[in-house]
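Chemist: Just need the structure, nothing else, for what follows:
(2 chains)
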Amino acid sequence: MSEVTQEQITELLCQRLVYFTEIEMEVSPETNLITHLAIDSVKLLNLVMEIEDEFDISVPLNTLVDVLTVQDLANLIHKIKLSSQ
Amino acid sequence: MNLLEKLDAAAAARKAQLPEGVGAFGIPIEESYSATEARIGERRVLMLGTNNYLGLSFALECREAAHQAIDQEGTGTTGSRMANGNYYGHRALEREFAEFYNCRECIVFTTGYQANLGTISGLAGAGDVVLIDGDAHASIYDGCILSGADIIRFRHNDPADLEKRLRRLGERSRNTLIVVEGIYSMLGDQAPLAEIVEIKNAYQSTLLLDEAHSLGVLGKTGQGLVEQTGLNNEVDFITGTFSKSLCGIGGFCVSNHSQLNQLRYISHPYIFTASPSPATIASTRAALKLLREGSSLRERLWQNAHHLYSSLKTIGYQLGPQPGPIVAILLDNPRQALALWNGLMEHDIYVNLVLPPAAPEGKSLVRCSINAAHTTEQIDRVCDVFARLYSSIAE
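Modeler: Numbers count the residues shown, from 1 in each chain, chains lettered A, B, ... in the order given. The predicted structure follows:
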């Protein structure tokens, strides 16, 4: 997992997000977490906890303010993962 | 979407969850008769959704103290503690709280919300970390945001998860403030404080315990979870509110760290607000005395709490993990919760309705809170109504 790519992170997020939304739709990198998937704040925070455990990183909640899409989240995780190595 | 359209969208989402005409949120209370009864509309209602844990809201000592303070000092201070609002009563209450907790320092804040906001944002700053329980109160989240520190959550009441997140922080764990609560406001469960203290010591972090719901409720003299667990010397900072067991409004932070005093000069929620009114301070001082002497009230409170918890469990309701003054009934969806809430109101019983995302784990809650003034007959009536409503909820 130490050499994880941005694409792998995006793919994992797309898989995981299906379980966090009640809306049935295909999740893509462009999918907006709130307007498309109706992910509420608590669900997003719970998703972040799972991601932290998956990649053994810390994702401060204050870094999520600019995250709108799946791609934004993947970029953030990738950046944190790289800086933690 | 412009600013107002965003509010319209939020209002539409709220109305979709809660039909027009259902006034579960912000319900108008026309008259308050006692610690247990009020008038809502034309109904005389049993209040089972307050935070009046010791039932002191009409205590004679507190009312007399408040009256006297108004007569002697007026209705408000009109200024900050930093300016013209630093009265004898504020300083006396700080001394009394410090003595109650056997701590060197105490700061009184204007609300409990500001106590967390002011303490957290005063202690932590940019580059630091605040590590909070997943079910933390909004005042804790907001204090973290105001601080500018990195905010990380750990799984609710899970010390192993806390330890894992501290480990990931490496050296930064020494600049980490861990924040937990004595009793959590939604499910009514208590923090595993001994394990949390052990971990915070191992990682040389700092621990803040919010006793908002546990002050007056736990411990021999009512200090809270810290007293019940005998860990007074292990917790760095304790915050709490006057608006629950003490039946006023305001908040405090106590500590043996002398540095707490510096918050008076850097904490905006302390500085840039008017100090509590003389009546509030006077009634709180009187209530604190009653709280300290109130072992019989605590005994009664816990009898009532066990009575309600065990009765509802026997009926078959899914409840929060442990008995206490907050008895949360967990329901799978908002429709069930709303139906139960409506059924209780039709039987003149008021409880709190909590819908996602405010409720933990995606559940909906009907949240009851019990107090020392409830009679056995009142609780029996509540349990009888809950039993009658159970079958309709289960369908």
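Chemist: Looking at chain B, what residue ends up closest to chain A?
Modeler: Proximity of chain B to chain A (Cβ to the nearest Cβ) peaks at B:Asp150, 3.6 Å away. Any C-beta I mention is one placed from the backbone N, CA and C, and that applies to glycine too.
Chemist: Residues of the stretch 51-200 of chain B that sit close to chain A?
Modeler: Proximity of the stretch 51-200 of chain B to chain A is assessed by Cβ under 8 Å from any Cβ of the partner chain, with B:129, B:134, B:144-145, B:148-153, B:155, B:164-165, B:168-169 identified as the residues in range.
Chemist: Buried ones only from those, please, as a ChimeraX command.
Modeler: Those of those that count as buried under 16 or more other Cβ atoms under 10 Å in any protein chain shown are selected in ChimeraX with:
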select /B:129,134,144,145,149,150,151,152,153,155,164,165,168,169
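Chemist: Sitting in strands, which of the residues of the stretch 51-200 of chain B next to chain A do you find?
Modeler: Here DSSP state E is the test, and those give B:Val129, B:Asp150, B:Ile151, B:Ile152, B:Arg153 as lying in strands.
Chemist: you'd agree the second one is up against A:Pro60?
Modeler: Yes - counting by Cβ atoms under 8 Å, a contact exists between B:Asp150 and A:Pro60, whose distance comes to 3.6 Å.
Chemist: now chain B, which segments are flagged as low pLDDT?
Modeler: Low-confidence regions of chain B, defined by pLDDT under 70, span residues B:19-24, B:394-395.
Chemist: try 90
Modeler: Applying pLDDT under 90 to the predicted model, the residue ranges of chain B that meet it are B:1, B:6-7, B:9-28, B:333-335, B:355-363, B:391-395.
Chemist: By residue count, which helix of it is the longest?
Modeler: helix B:295-315 (DSSP state H).
Chemist: list the helices and strands that helix packs on?
Modeler: Contacts of helix B:295-315 with other secondary structure elements, assessed using 3 or more Cβ pairs under 8 Å, 6 or more residues apart in numbering or on different chains; DSSP states H and E, are made with strand B:326-331, helix B:376-394.
Chemist: and those, which is most packed in?
Modeler: Looking across the helices and strands packed on helix B:295-315 with neighbours counted as mean count of other Cβ atoms under 10 Å in any protein chain shown, the highest average goes to strand B:326-331: a mean of 25.
Chemist: now it: how far from the chain's centre is it?
Modeler: Computed by Cα atoms, centre = their mean, to the nearest Å, the chain-centroid distance of strand B:326-331 equals 16 Å.
Chemist: tilt between it and helix B:295-315?
Modeler: 20 degrees (axes from the mean of the first three to the mean of the last three Cα atoms, to 10 degrees).
Chemist: Centre of the chain to the helix or strand that comes right after strand B:326-331, how far?
Modeler: Where DSSP states H and E defines the elements, the next helix or strand beyond strand B:326-331 is helix B:334-346. Relative to the mean C-alpha coordinate of its chain, helix B:334-346 is positioned 24 Å out (Cα atoms, centre = their mean).
Chemist: which residues in chain B form strands?
Modeler: Across chain B, reading from the start of the chain, the strands by DSSP E fall at B:31-32, B:37-40, B:43-47, B:105-109, B:129-133, B:150-154, B:176-181, B:206-210, B:237-241, B:251-255, B:326-331, B:349-350, B:352-354, B:364-369.
Chemist: in its sheet, what does the fourth one sit against?
Modeler: Taking DSSP bridges as the criterion, strand B:105-109 pairs within the sheet with strand B:251-255 (antiparallel).
Chemist: May I see the buried residues of the partner strand?
Modeler: When burial is assessed from 16+ other Cβ under 10 Å, strand B:251-255 yields the following buried residues: B:Gly251, B:Phe252, B:Cys253, B:Val254, B:Ser255.
Chemist: Equivalent analysis for stretch A:12-19, please.
Modeler: For stretch A:12-19, the buried set under the neighbour-count rule, 16+ other Cβ under 10 Å, comprises A:Leu12, A:Leu13, A:Cys14, A:Leu17.
Chemist: Which single one of those residues is nearest to B:Gln72?
Modeler: Closest approach between these and B:Gln72, by Cβ to Cβ: A:Leu17, at 61.3 Å.
Chemist: can the one helix or strand the closest one maps to be found next to chain B?
Modeler: A:Leu17 belongs to helix A:6-17 when elements are defined using DSSP H and E. No - Helix A:6-17 stays clear of chain B (Cβ under 8 Å from any Cβ), getting no nearer than 15.1 Å.
Chemist: Which neighbouring elements make contact with that helix?
Modeler: Contact partners of helix A:6-17 among helices and strands, from 3+ Cβ pairs under 8 Å, 6+ apart: helix A:41-55, helix A:70-84.
Chemist: Among these, show the one with the smallest mean pLDDT.
Modeler: For the helices and strands packed on helix A:6-17, the weakest mean pLDDT is recorded on helix A:41-55, namely a mean of 88.
Chemist: neighbouring contacts of it?
Modeler: The list of residues contacting helix A:41-55 from outside it, by Cβ atoms under 8 Å, 6 or more residues apart in numbering or on different chains, reads A:1, A:4, A:9, A:12-13, A:16-17, A:20-21, A:33, A:39, A:57-59, A:61, A:64, A:73, A:77, A:80-81, B:134, B:152-153, B:155, B:164-165, B:168, B:356-357, B:360, B:362.
Chemist: Helices of the stretch 151-300 of chain B, start to end?
Modeler: Assigned by DSSP state H, counting those that start in this stretch, the helices in the stretch 151-300 of chain B fall at B:159-169, B:193-202, B:225-228, B:263-266, B:268-271, B:278-292, B:295-315.
Chemist: contacts for the second one?
Modeler: By Cβ under 8 Å, 6+ apart, the surrounding residues in contact with helix B:193-202 are B:159, B:162-163, B:166, B:178, B:180, B:182, B:206-207, B:209, B:225-226, B:229, B:231, B:234-235.
Chemist: Report the buried members of the residues you listed.
Modeler: Neighbour counting by 16+ other Cβ under 10 Å classes B:159, B:162-163, B:166, B:178, B:180, B:182, B:206-207, B:209, B:225-226, B:229, B:231, B:234-235 among the contacts of helix B:193-202 as buried.
Chemist: returning to that earlier point: tell me the least confident of the buried residues of stretch A:12-19?
Modeler: The member of the buried residues of stretch A:12-19 with the lowest pLDDT is A:Leu17, and it reads 84.
Chemist: Test my guess that that residue contacts A:Ile34.
Modeler: No - with contacts defined as Cβ under 8 Å, A:Leu17 does not count as touching A:Ile34, sitting 11.9 Å away.
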